[in-house]
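Novice: The sequence isn't on hand, but the structure is:
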């Protein structure tokens, strides 16, 4: 998968360029990325890469419609809020530990 070429400097721009031709491409690409971020069946590295692609895409692609941008950000925030609630409920009142390995996807989504 091309999404696993994390930290590659040019691959993402080919995808971004192809999305500029049609709004349907843009929306489909965002939906693919967001579904990967939210999926529990995708490895954490893949989810982190998808989150980084979403952030990079929304920051650079001036052709993304405002409603698509706001929808993507809303989905990321809803996922992060749900993750935080679940993580806090699992602690049962104990102090939270900062663990980038355990919560890497969460940190990536919040950074996005």
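Specialist: That came through, no problem. Since the structure is predicted, the reported quantities are computational estimates derived from the model, not experimental observations.
Novice: going forward, measure contacts and count neighbours with C-alpha atoms only.
Specialist: Fine.
Novice: List the contacts of residue 106.
Specialist: Residue 106 makes contact with 80, 83, according to CA atoms under 8 Å, 6 or more residues apart in numbering.
Novice: Just say helix, strand or coil for it.
Specialist: The three-state label given to residue 106 by DSSP: H, G, I helix; E, B strand; the rest coil is helix.
Novice: Per-residue pLDDT of it, please?
Specialist: Looking at residue 106, its pLDDT reads 93.
Novice: Could you measure from it over to residue 55?
Specialist: As defined by CA to CA, to the nearest Å, residue 106 lies at a distance of 14 Å from residue 55.
Novice: got it, and residue 110?
Specialist: 10 Å.
Novice: who's more crowded, the two?
Specialist: Of the pair residue 110 and residue 55, residue 55 is the one with more neighbours under other CA atoms under 10 Å, namely 17 against 14.
Novice: How about the contacts made by the closest residue to the more buried one other than its chain neighbours?
Specialist: Nearest residue to residue 55, sequence neighbours excluded (CA to CA, 6 or more residues apart in numbering): residue 112, at 4.8 Å. Shown in contact with residue 112 (CA under 8 Å, 6+ apart): 51, 52, 54, 55.
Novice: Closest one of those residues to residue 20?
Specialist: Nearest to residue 20 among those: residue 54, at 14.9 Å, using CA to CA.
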